[in-house]
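Chemist: sharing a model prediction with you, sequence too.
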2 protein chains.
Amino acid sequence: MQPLTTSSRLRNDFPPDARYLIGVSGGRDSVTLLHWLISLGYKKLIVCHLNHQLRGRSSDADACFVQKLVATSNEKIVGQALRLPGRQKGKQSACPTTKMSHIDFELGRANVRSLAKKKKTSIETAAREARYSFFAEAAKRHCCHTIFLAHHADDLVETFLFNLIRGAGPIGLAGMRSVSTRRIDGVDLTIVRPLLSVWRTDIDKYVHERHLRFREDATNKTLAAMRNRIRNSIIPHLEKNLGRNIRQNIWRTAMIAAEEEKWIDNEAPDFTNLHLLVPGLRALPVALQRRAILKWLRTQNISEVGFDVIERVRSLADRDAPIAKVNLPRDRHARRRAGRIFLE
Amino acid sequence: MQPLTTSSRLRNDFPPDARYLIGVSGGRDSVTLLHWLISLGYKKLIVCHLNHQLRGRSSDADACFVQKLVATSNEKIVGQALRLPGRQKGKQSACPTTKMSHIDFELGRANVRSLAKKKKTSIETAAREARYSFFAEAAKRHCCHTIFLAHHADDLVETFLFNLIRGAGPIGLAGMRSVSTRRIDGVDLTIVRPLLSVWRTDIDKYVHERHLRFREDATNKTLAAMRNRIRNSIIPHLEKNLGRNIRQNIWRTAMIAAEEEKWIDNEAPDFTNLHLLVPGLRALPVALQRRAILKWLRTQNISEVGFDVIERVRSLADRDAPIAKVNLPRDRHARRRAGRIFLE
């Protein structure tokens, strides 16, 4: 499916004999990723599935499906191991299934709808946050801090356009990276996306050729009306009208943007104090002011911050600003007093 | 037309009693900009018009139109000055037109079609390069290094999408800034775009209300088929399907991207030598490697460099790269030898 260099680089950076988490919804993409990783020799995987409880029985069925997938994967691994000539001659374990299979299963449940209500966010945001919290928990429990996720090239392009349309600014345009780290609930999680340069059509082909079974991804149907519109209307229209390989070009831009974003983010100072010192902020170039504010707001548990919010906080540092208080999401405020910006 | 703060900031940063160049094609946008600047009190302007010779007589007629526009603008300025109560009582000049009017006219000619052929670039690129060369010449002749250009908010959005579609990467996404500097033929030109936050509809309104005459912009008709498709098909489709203020959001992203681009560009080291030292390049983060290569190629007179070209040169710095020579546009090559990358 992938050019050999990519899979060899993956095996080089993430040796197959180590243990890894993998997020599996049961949809086409994650089923493919699991199958592909096993075929590459990754056999100490911990399959993580969060039941979002958004579609009742259908969500439960997804969980059952993934559980069965884990069982059949284990059977295959055992089968392969038993067929190995070296093994056949050796002494067989009394219980090969437990000793030789290494695909574990982690099942979580979250009431995403009530989380969204409680946190006043969209269902999509609440689902994502719940999923990452669940991954972080699993990472802690298994002492395994690297997770494979099945985002592919079309996801990257769609996310890029989605963020562009929302006006998220370059911070949002960066989207996803092949390898990134994220601190979630005190856990540093390394997120690896081996399929980020693989297109949906290649995944379809892979699934078809290998007769893989999968569940129609719940998120595709219920969570993302806007994303579906981007996928089914915007991108085809762009391709039809511009006669160019628009997807590849956006993909390329998104990949570079992600690289630059990572670097800018490293360059921006961390303000971890409760307040932000106005002279320190003012001394930075505008690009870094924005990043520094974003990072500071995140440490103050204000996430999902758009460009507007950042600019509002930044306006407090303006020497001539007549205002000393600005509104933030979820009924919070930022205020400037005595050369400091703080939250209320 | 603009919020008062913007025009007062413009007058603050660029005092109206100083001299400025202004690019005037004779089209709606530049006619509006000229009219608006004069109304704000800018009366020492040097109108620069380059005859691109792309549409024969029609191009000549554009030049004539701009020349007449300068003359009538001068008449109006003189008229205004004569009507000022203070002036009426004072001693009148024998020749008010020459003494009191300050709109000068600079006319240039370029055979853009043959330039494009010679330099193996698109007509649009050749036209732009010829225009900037002409502006730089005018700047030298008048000892006046600041030029006003009439790019507006829709131009910014269209350029952003155009570059996205071409896959120019974030370097290209940055597009235009309200104020930027550019070194052209040894001249440092400050480019000011006072209309960059004004939408085309506002310009139309301005033109209509003041009964301004203008020429249908040649560039709109002949130079930019792709841009026209973006303007007339892509953006309306996005707006219709996404039901959001897509143009404003893209505009916002483009404005931030421009700010970040400026900063990253400052951060990237200048390699002005004939060769690029591989260890020095390798020591930089990927984002800066790309910028440094771009800057270096520009000093070596390789402009119009896309992401592909940059990545090809960057691949030469790869420790494991099997290749030591890559192709560049216009039959040039980059080669690595003894820890150095140089051009042939």
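Modeler: Perfect, I can see it now. Everything numeric here is computed off the predicted structure, so don't read it as measured data.

Chemist: name the helix or strand of chain A that has the lowest mean pLDDT.
Modeler: helix A:96-100 (a mean of 41; mean pLDDT, DSSP states H and E).

Chemist: who are the packing partners of the following helix or strand past that helix?
Modeler: Scanning forward in sequence from helix A:96-100 by DSSP states H and E, the next helix or strand is strand A:104-109. Counting contacts by 3 or more Cβ pairs under 8 Å, 6 or more residues apart in numbering or on different chains; DSSP states H and E, strand A:104-109 packs against strand A:45-51, helix A:57-83, helix A:123-142. To be clear about C-beta, it is placed using only N, CA and C from the backbone, and glycine gets the same treatment.

Chemist: wait, A:Ala287 sits on B:Trp263?
Modeler: Yes: the criterion here is Cβ atoms under 8 Å, and A:Ala287 meets it with B:Trp263 at 4.2 Å.

Chemist: settle it for me: which of the two has more neighbours?
Modeler: A:Ala287 (23 against 16; other Cβ atoms under 10 Å in any protein chain shown).

Chemist: ok, and what's touching the host helix or strand of that one?
Modeler: Using DSSP H and E, A:Ala287 sits within helix A:286-299. Contact with helix A:286-299 is made by A:169, A:171, A:264-265, A:267-272, A:276, A:281-282, A:284, A:303, A:305, A:309-311, A:313-314, A:317, A:328, B:256, B:259-260, B:262-264, as judged by Cβ atoms under 8 Å, 6 or more residues apart in numbering or on different chains.

Chemist: give me that answer again for 6 Å
Modeler: Contact with helix A:286-299 is made by A:264, A:268-272, A:276, A:281, A:305, A:310, A:313-314, B:259-260, B:263, as judged by Cβ atoms under 6 Å, 6 or more residues apart in numbering or on different chains.

Chemist: in strands, which of those residues fall?
Modeler: A:Leu276 (DSSP state E).

Chemist: what subset of the contacts of helix A:286-299 is buried?
Modeler: The neighbour-count test (16 or more other Cβ atoms under 10 Å in any protein chain shown) marks A:264, A:268, A:271, A:276, A:281, A:305, A:310, A:313-314, B:259-260, B:263 as buried among the contacts of helix A:286-299.

Chemist: closest to A:Tyr206 among these?
Modeler: Closest approach between the buried ones among the contacts of helix A:286-299 and A:Tyr206, by Cβ to Cβ: A:Ile264, at 35.4 Å.

Chemist: quick one: contacts for that closest one?
Modeler: A:Arg291.

Chemist: measure it to B:Ala254 for me?
Modeler: According to Cβ to Cβ, to the nearest Å, A:Ile264 and B:Ala254 sit 17 Å apart.

Chemist: and the two most separated of the contacts of helix A:286-299?
Modeler: Farthest apart among those - using Cβ to Cβ - are A:Thr272 and B:Glu259, which lie 24.7 Å from each other.

Chemist: neighbouring contacts of stretch A:42-56?
Modeler: Here stretch A:42-56 makes contact (Cβ under 6 Å, 6+ apart) with A:16, A:19-24, A:59, A:63, A:66, A:70, A:77, A:102-112, A:127, A:131, A:134-135, A:138, A:142, A:218, A:222.

Chemist: and the nearest residue to A:Ala292 once chain neighbours are set aside, what does it touch?
Modeler: Of all residues not flanking A:Ala292 in the chain, A:Ala268 sits nearest, at 4.8 Å (Cβ to Cβ, 6 or more residues apart in numbering or on different chains). By Cβ under 6 Å, 6+ apart, the residues touching A:Ala268 are A:288, A:291-292.

Chemist: and those residues, which of them are buried?
Modeler: Buried residues within the contacts of A:Ala268, counting neighbours by 16+ other Cβ under 10 Å: A:288, A:291-292.

Chemist: picking up where we left off before, tell me which of the contacts of A:Ala268 is nearest to A:Glu344?
Modeler: For these, the nearest to A:Glu344 is A:Ala292 (19.9 Å; Cβ to Cβ).

Chemist: I'd like to know how far that closest one sits from B:Ala254.
Modeler: 22 Å.
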